[in-house]
Every structure is written in structure tokens, then in C-alpha cells.
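> Predicted model and sequence below, questions to follow.
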Protein chains: 2
Amino acid sequence: MNPPDNPLPNPRRVYFLSNRTAITAETLGHSLLAQFPELNFSPLTIPFIDSPGKARKIVERIDADAEQTGMKPIVISTLADEEISEIIRQANALMLDPFESFLPQLEQELHAHSVHESGKSHRISNPTLYESRIDAIDFALIHDDGATTKQYSQADIIVIGVSRSGKTPTCLYLALQFGIRAANYPITEEDMDSEDLPRHVKQYRKKLFGLTTDPQRLARIREERRPGSRYASIEQCRQELRAAEQLFEQYRIPYVNTSDMSIEEIATKVVELAGLKRLSKPVLKHVDE
Amino acid sequence: MNPPDNPLPNPRRVYFLSNRTAITAETLGHSLLAQFPELNFSPLTIPFIDSPGKARKIVERIDADAEQTGMKPIVISTLADEEISEIIRQANALMLDPFESFLPQLEQELHAHSVHESGKSHRISNPTLYESRIDAIDFALIHDDGATTKQYSQADIIVIGVSRSGKTPTCLYLALQFGIRAANYPITEEDMDSEDLPRHVKQYRKKLFGLTTDPQRLARIREERRPGSRYASIEQCRQELRAAEQLFEQYRIPYVNTSDMSIEEIATKVVELAGLKRLSKPVLKHVDE
């Protein structure tokens, strides 16, 4: 243990708990903790807490943490099962549970009882929804980096940009998270010389979306791939990005600068600016298990 | 509008609001609504509400919804900006805001003020974290479907299973969400004939993880790809799955049946059963913007 006057305080232990995937607890938890950027946290996600025995072991662990660090751990949990939830509540921790906080208000407003089962939202209630995400992933893979352009008529969007501007992760996220069929096509030196859009994408102008970034950032990312190359030089990056942005402007292609954005943010921006629809999630269908 | 005695009631309008990506509001919202599987909801996600003007327009829209449907809309929001939050609260709706509910308790426990800025958690605070996810995606793409096996020594996990058992989406999700380097390798008829693991993966037994599914489900998925083929026949699917499961048992490879699991659940199960570490999220670093 650090002495009390240690300039680096112990991080606060945080638990994300759930009887299913813990994705909701983790997502919400990260958003809440991000509101305290000056503090240090030590997070631990424990999914699939589906028995009283497991729950009791976790309580022991939390209590041991509290004792060892001299600070109450934070617990962010989505435990809809009453029995398990009851056990976890015994722990010596600050307990934050959005189910506990919000379900009573929802029940009252909706004049309905909640089923008290966690994790429904990430379960497959409608197999065609699973399959539409899989389809979108297949589409993104086949149409990655201009590999094929034959089915562009079926694309929801075609992302363009220079090498390493973030096209592939953006398209994969669009497919996985939103079920959107996203192709991507690289803008190369050839296109810059011709000062025109690549031939294969030009006829799909309405579907195009541009990505750009800062030259410094691009150079750093490229440097990791091909150290010391012209490809990774700041001049080359600057020139390619400028040419790409000129094309976006010239053809009025919506685009974003991804420099300080996460993959989630880029994908969400693309959806918004391109006016695409997010996939409606399984949760909203009848759960039949 | 449906008359009051219509057997199909109007769906309840639900808004997921945020001044950033709205991923937290959406994720939490879906989990909450999933607790009411008998009810119908009509969800709408509105991200990037970053000005009072935008907020006021949304209030008008919510109020119009309330009037038109005769039911209060549900609003699940993560609006850390006080001014915007204040405007949204004027709407005629049931307002659920985890920031409002939980930040005061957190502030008290942590003896610290929150910064009241939304969406930090999906922002890049540490570029190397962005890059480690990108690396993991690159790795998954290069190592998809056994395309190459050269860098298996660098894989965190190698997912194996028959064609269309869910290997690719699982690996991509592991990369995107958790920054895990996941390769995947198909189990083919050849391996079934030899009743042994594919040669390329055999030496990495400790890294292997198996996926299996139900024959009916596999047949349906394959049928969409190659209608009427032997590949999609129920006999073939049954035989392949049985052979794959026998290999998993024989070599004590952990595996899951993915039949009624979402991609999120499969990936989370893999992480848990294989004892992998989830990527620690950017939120936990100092946010420098």
C-alpha cells in the first residue's frame, strides 16, 4: 500500500458486473468514469454471474479489495436477477445499478412489469437480425480496400480516403454495430495525378463518404507499417491528404477529419452525415426464449 | 392513429439522446427496454446534440410525439452539458439520465467533481489505444479463414470451426471491441476424414477455441449462400458439426455452441473461457483535450 502522502494515489477499484455479457455495465461505467479524468481507476469486468455461488465469491473479492486499499470499490452492475442482485448488494462498495434505478419508473410509466432478466438486449431474439449483421460483415470484407466493386449498387455507403485514413475499421464497425453495408475504396497517387475521383466509384457519387486525418497522425501510423519510407514521410502524407480533401470538396462529398476520433465516433458521424439508418436492435422484438 | 380498441397498440416512442455518439444511451436503453419483451417500442437515436438550438428542436419533436400518440415518450440520455440537459428536461417525457442519477453519488464517494462533459469515453485520449485496436483488426483480417498462418505465434487466440459457424464476426468483434488479436481457421471435410486437427493449427493447441452451432441453424445459413447444395444439406451440416465437436473434445479445446447467441455474447464467452484480457478502454487514461 502507498503511504497516505504518496503523490501517486492507489487507483480506485471498479467492477463492471452482469449475469450476461456485461457490455451495458462496461459501456455505462466507462462513460461515468470518464467524467473524472484526473482520477485513476482500476477496472475489472466480470460477466456471466449467473449463480448465487459466483455472486458470493465476487462479494468476498470486493470486500477484500475494500480492506486492502482502504477505499470502497465502485460497482456498476446490470443484474436483473433479484437473488443475485441481493447478494452483490451486501458488498462493501458504492453500488450503481441502472436497472434498480430506472426499472421502477419505467414500470410505472408503461403500466407493465419488467421480466427481471438481464442481458436480453444482446441475445438473438430474431435470427434474421443476426444474419443481417453477418451479411453486412461479409459485404464489408468482400468490398474492403477496393478488392471488388461489382456489388456497389447494393452498398449503403462507399467510404473513400487515402491509405491508413481509417476506412477499414470504420466499415467493419458500421457492419457490426449498425448492420450497414459499407464498402471502401482507396484514393491513390494515381487519382491525385488525374485530379479526379477513381473511375470505379465516380458513378456512385451519392454513396460516397470521405475520411481525412492530420498529416502528423497519418505519418506516424504509416511509419509503423513502413519505417523510413516515402509513403510514411510527412510531405507525402500532407500532399495525399490535401489532394483527397480537394476531391471531396470538388464533388461535394461529405467527409470527416478522424484525427482525434475513436472508431465509434467516426462510424456514428458517418451514419449521421450520410443520413443512414442504424439497425434496429433485437431488443425491440419479442424475446422468445 | 389507431383507435383505442385496436389490438395492435401504438408503439411507445423512445429517444436515445447524447451530445456525443449516443452509444452509451443506446446500449443502456436497449437493456432497459428488453425487460419489457411484451411491449412495442419505436426507438430513435439522436447523437451529437451539442447546441441549445438542436436541443430545443428535439424538445419540440418529443412534445409533438407525446401529443400525437397520447403517450409520454421515454427519453434515455447521457447529456453531461448542463445547459443542454436543462433544455431537454422541459420535454413532456419520462426522462432517464444515468449521469444525473449516478454522478452525484460518484462525486461524493470519490471526493471529486465530474467535468460534466459527455462522450469522453468514446474519444481517443491515448492514440496508442486507437492503434492497438487497428492492429488487432489488421491481424484479424490477414488471418481470416486461414488465409495465412505465419503469425500464429502472435495470435492471442485462434478460433476454429466449420464453415459459417460464426468465426469471422467473432474475431472481428474481439478485435474491435477488446483489441484482441484473433485468427480463425476453418475445419474442412479433409480434417474430418483424417479425424485430426488441421496441421497448421495443431502446434498452437493452447490458443485454440472452437465454435459450434445447431445443424438446423447452420443449414439455414448455408442455404442462403448455396441454395440446394450438399454443403447446405442438413445431413452434411450434422456430420461436419459432429466431427468438429469430436475434435474439440478429443483435444480438450474449449468451445461454445453459438446457436442462440449474439455476436457480443459469443465474443464475451470466448474472452471468459479462454482467459483473455479485455482491452482497457481510453476512458481510464488522462483525457487531454
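Everything's here; your move.

> Stretch A:191-210 and chain B, any residue contact?
No. Stretch A:191-210 is not in contact with chain B by Cβ under 8 Å from any Cβ of the partner chain; minimum separation 16.0 Å. For glycine as for every other residue, the C-beta is placed from the backbone atoms N, C-alpha and C.

> Now the terminal residues of that stretch, how far apart.
Distance across stretch A:191-210, first residue to last, is 14 Å (Cα to Cα, to the nearest Å).

> Centre of the chain to that stretch, how far?
Distance of stretch A:191-210 from its chain centroid, counting by Cα atoms, centre = their mean, to the nearest Å, is 28 Å.

> With stretch A:176-194 instead?
So, by Cα atoms, centre = their mean, the centroid of stretch A:176-194 is 20 Å from its chain's centroid.

> start to end distance for it?
35 Å.

> in it, what counts as buried?
Across stretch A:176-194, burial judged by 16 or more other Cβ atoms under 10 Å in any protein chain shown covers A:176-187, A:191-192.

> Next, format the residues you listed as JSON lines and append secondary structure and pLDDT.
Output for the buried residues of stretch A:176-194, formatted as JSON lines (DSSP: H, G, I helix; E, B strand; the rest coil; pLDDT from 0 to 100):
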{"residue": "A:176", "secondary structure": "helix", "pLDDT": "91"}
{"residue": "A:177", "secondary structure": "helix", "pLDDT": "87"}
{"residue": "A:178", "secondary structure": "helix", "pLDDT": "88"}
{"residue": "A:179", "secondary structure": "coil", "pLDDT": "90"}
{"residue": "A:180", "secondary structure": "coil", "pLDDT": "94"}
{"residue": "A:181", "secondary structure": "coil", "pLDDT": "95"}
{"residue": "A:182", "secondary structure": "strand", "pLDDT": "97"}
{"residue": "A:183", "secondary structure": "strand", "pLDDT": "97"}
{"residue": "A:184", "secondary structure": "strand", "pLDDT": "97"}
{"residue": "A:185", "secondary structure": "strand", "pLDDT": "97"}
{"residue": "A:186", "secondary structure": "strand", "pLDDT": "96"}
{"residue": "A:187", "secondary structure": "coil", "pLDDT": "95"}
{"residue": "A:191", "secondary structure": "helix", "pLDDT": "84"}
{"residue": "A:192", "secondary structure": "helix", "pLDDT": "82"}
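
> Just give me the closest of those residues to chain B.
The closest of the buried residues of stretch A:176-194 to chain B turns out to be residue A:176 (Cβ to the nearest Cβ; 6.1 Å).

> Could you list the low-confidence segments of chain A?
A:1-9, A:117-128, A:279-289 (pLDDT under 70).

> Would you mind splitting it into its domains for me?
A:12-122, A:127-273 (automatic domain parsing).

> returning to that earlier point: from the buried residues of stretch A:176-194, which two are the most distant?
Using Cβ to Cβ, those reach their maximum pairwise distance at A:179 and A:192, which is 33.6 Å.

> circling back to that earlier point, select, out of the domains of chain A, the one closest to residue B:101.
Set against residue B:101 and scored by Cβ to Cβ, these come closest in domain A:12-122, at 5.2 Å.

> So what's the gap between that closest one and the chain middle?
For domain A:12-122, the distance to the chain centre is 21 Å (Cα atoms, centre = their mean).

> same question, stretch A:231-248
Here stretch A:231-248 is found 27 Å from its chain centre; the criterion is Cα atoms, centre = their mean.

> touching chain B at all, it?
No. Stretch A:231-248 stays clear of chain B (Cβ under 8 Å from any Cβ), getting no nearer than 14.0 Å.

> Phi, psi for residue A:136 please.
phi -60, psi -40 (degrees, to the nearest 10).

> for residue A:212, same thing?
phi -140, psi 170.

> can you count the residues close to it?
For residue A:212, the count of nearby residues is 22 (other Cβ atoms under 10 Å in any protein chain shown).

> Hmm, residue A:253 and it touching each other?
No. Residue A:212 is not in contact with residue A:253 according to Cβ atoms under 8 Å; the separation is 10.7 Å.

> returning to what we had before: export the domains of chain A as JSON lines, with columns for distance to residue B:233.
Output for these, formatted as JSON lines (distance: least, Cβ to Cβ, whole Å):
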{"stretch": "domain A:12-122", "distance to residue B:233": "31"}
{"stretch": "domain A:127-273", "distance to residue B:233": "19"}
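
> For residue B:199, find the nearest of these.
Comparing those by Cβ to Cβ, domain A:127-273 comes nearest, at 25.2 Å.

> gap between that closest one and the chain center?
17 Å.

> Contact partners for residue A:226?
Residue A:226 makes contacts with residue A:232, as judged by Cβ atoms under 8 Å, 6 or more residues apart in numbering or on different chains.

> ugh, wrong one, I meant residue A:83
Residue A:83 touches residue A:52, counting by Cβ under 8 Å, 6+ apart.

> can you confirm it is in a helix?
Yes. The assignment for residue A:83 (DSSP: H, G, I helix; E, B strand; the rest coil) places it in a helix.

> Phi first, then psi, for the closest residue to residue A:255 other than its chain neighbours.
Nearest residue to residue A:255, sequence neighbours excluded (Cβ to Cβ, 6 or more residues apart in numbering or on different chains): residue A:210, at 3.1 Å. When quoted as degrees, to the nearest 10, the phi and psi of residue A:210 stand at phi -100, psi 140.

> Tell me how far residue A:210 lies from residue A:241.
Between residue A:210 and residue A:241 the computed distance is 11 Å (Cβ to Cβ, to the nearest Å).

> List the contacts of stretch A:87-100.
A:15, A:17, A:24, A:28, A:32, A:49, A:52, A:55-56, A:58-59, A:62-63, A:66-67, A:72-80, A:85, A:118, B:28, B:31-32, B:35, B:98, B:101-102, B:105-106, B:109.

> which of the residues in it are buried?
Neighbour counts over stretch A:87-100 (16+ other Cβ under 10 Å) mark A:87, A:88, A:89, A:91, A:93, A:94, A:95, A:96, A:97, A:98, A:99 as buried.

> Please see if the host helix or strand of residue A:158 touches chain B.
Residue A:158 belongs to strand A:157-161 when assigned by DSSP states H and E. No. Strand A:157-161 stays clear of chain B (Cβ under 8 Å from any Cβ), getting no nearer than 13.9 Å.

> Show me what that strand is packed against.
helix A:167-178, strand A:182-186, strand A:208-212 (3 or more Cβ pairs under 8 Å, 6 or more residues apart in numbering or on different chains; DSSP states H and E).
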